[in-house]
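Trainee: generate coordinates for the sequence data below:
(chains A and B)
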Amino acid sequence: MKILVVDDMEINRDILEDMLTDEGYEVVLTANGREALTVLLENPREFDVVLLDLVMPELDGFSVLTQMQKKSLLKDLPVIVISGERDRESEQRSLDLGATDFISKPFDRHIVIRRIRNTAELFRINALWSGRSDARRKRCRSSTGS
Amino acid sequence: MTLQECYVLMGADYSEVSGRLGKESRIVKYLEKFRKDNSYSNLCTALEEQNWQDAFACAHNLKGMCLNLALTNLGSSSGALCEELRGGAPKEDLSSMEAVLKADYAQVERAVDVLLEEMEAFAL
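Mentor: Numbers count the residues shown, from 1 in each chain, chains lettered A, B, ... in the order given. Predicted coordinates:
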């Protein structure tokens, strides 16, 4: 599994990198939203999950989520927001903008890893079902001749 | 000085951080990075220049690091300042908040420096 970490604080990136590499995940680190979007647009199919901070210079996490929803190649990529913002508004806004999950700092390795696994599994099953639905639709179309 | 003793001196919670982050060597590595981080000095400059937007960003960063490293006292004082600066210019005089923040940071700074010096001396 390959994960993109987006956080402007070096310590936070280090902590997440250590946690994730311990689990055998491949990790790419970026320090702000602009850098993250550049990496994602260059390699749209490469990542399984994005871990996104909210308050960052250049481009904040909310703007990253908004931009991702506008790009067809990125809008289905699961994003878990990890933020020091612990208020209901930030969580609600993140989820409204397309985030899959929201984790408040401080990081707990067990919770972070479990949420990543759950998110990746849900998206894998969803992709599988979408593929089956597409195949079913194609079969229906060919049998009805439409 | 052990890492546990350092955490007591910092007014921080060792059992919390070790439960979340695990290995002691890693916690020391993160504390070393914390000491090199310039969020606190940038915060002091921004407060002095009354640059509230930068001050908020720095206080927010400091609070985030403190939460992750379970630096309870400093996390609490930086968090309080962060909330006061959310939305721009503060409504209250910040001098008492700044004083608490400076005392909490100095406490962490002293304890981490002693820990790192002793570890370095022991390694030699």
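
Trainee: residue A:107 - that's part of a helix, no?
Mentor: No: assessed with DSSP: H, G, I helix; E, B strand; the rest coil, residue A:107 is coil; it does not lie in a helix.

Trainee: helix or strand right after the strand or helix carrying residue B:62?
Mentor: According to DSSP states H and E, residue B:62 maps onto helix B:52-69. Per DSSP H and E, helix B:52-69 leads on to helix B:72-85 as the next helix or strand towards the C-terminus.

Trainee: now do the helices in the chain.
Mentor: Since no chain was named, I'll use chain A. For chain A, the helices defined by DSSP state H cover A:10-22, A:33-42, A:61-70, A:88-96, A:109-144.

Trainee: please go with chain B instead
Mentor: Using DSSP H, helices in chain B cover B:3-10, B:14-21, B:24-36, B:39-48, B:52-69, B:72-85, B:95-123.

Trainee: mean confidence for the longest one?
Mentor: Right, helix B:95-123. Helix B:95-123 shows a mean pLDDT of 95.

Trainee: so which elements touch that helix?
Mentor: helix B:3-10, helix B:24-36, helix B:39-48, helix B:72-85 (3 or more C-beta pairs under 8 Å, 6 or more residues apart in numbering or on different chains; DSSP states H and E). Placement of C-beta: from N, CA and C, glycine included.

Trainee: quick one, which of those helices is packed in tightest?
Mentor: Among these, helix B:72-85 has the highest mean neighbour count (mean count of other C-beta atoms under 10 Å in any protein chain shown), at a mean of 22.

Trainee: for chain A, which of the helices and strands packed on helix B:95-123 is the nearest?
Mentor: With C-beta to the nearest C-beta, the closest approach to chain A among the helices and strands packed on helix B:95-123 belongs to helix B:24-36: 4.9 Å.

Trainee: number of residues surrounding whichever residue of chain A sits closest to chain B?
Mentor: Nearest residue of chain A to chain B, counting by C-beta to the nearest C-beta: residue A:84, 3.9 Å away. Residue A:84 has 25 neighbouring residues, counting by other C-beta atoms under 10 Å in any protein chain shown.

Trainee: next: the one 3 residues further on.
Mentor: Here the neighbour count serves as a burial measure; for residue A:87 (other C-beta under 10 Å) it reads 12.

Trainee: let's test this: what are the backbone torsions at it?
Mentor: The phi/psi pair for residue A:87 (degrees, to the nearest 10) reads phi -90, psi 160.

Trainee: grab the nearest non-local neighbour of whatever residue of chain B ends up closest to chain A.
Mentor: Per C-beta to the nearest C-beta, residue B:64 is where chain B lies closest to chain A, at 3.9 Å. Distances taken as C-beta to C-beta, 6 or more residues apart in numbering or on different chains place residue A:84 nearest to residue B:64, at 3.9 Å, with adjacent residues excluded.

Trainee: list the contacts for that neighbour?
Mentor: By C-beta atoms under 8 Å, 6 or more residues apart in numbering or on different chains, the residues touching residue A:84 are A:54, A:55, A:104, A:105, B:60, B:63, B:64, B:67.

Trainee: can you lay out those residues as JSON lines showing pLDDT?
Mentor: Below are the contacts of residue A:84 laid out as JSON lines (pLDDT from 0 to 100):
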{"residue": "A:54", "pLDDT": "94"}
{"residue": "A:55", "pLDDT": "90"}
{"residue": "A:104", "pLDDT": "91"}
{"residue": "A:105", "pLDDT": "90"}
{"residue": "B:60", "pLDDT": "94"}
{"residue": "B:63", "pLDDT": "95"}
{"residue": "B:64", "pLDDT": "94"}
{"residue": "B:67", "pLDDT": "95"}
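
Trainee: thanks again, I'm all set now.
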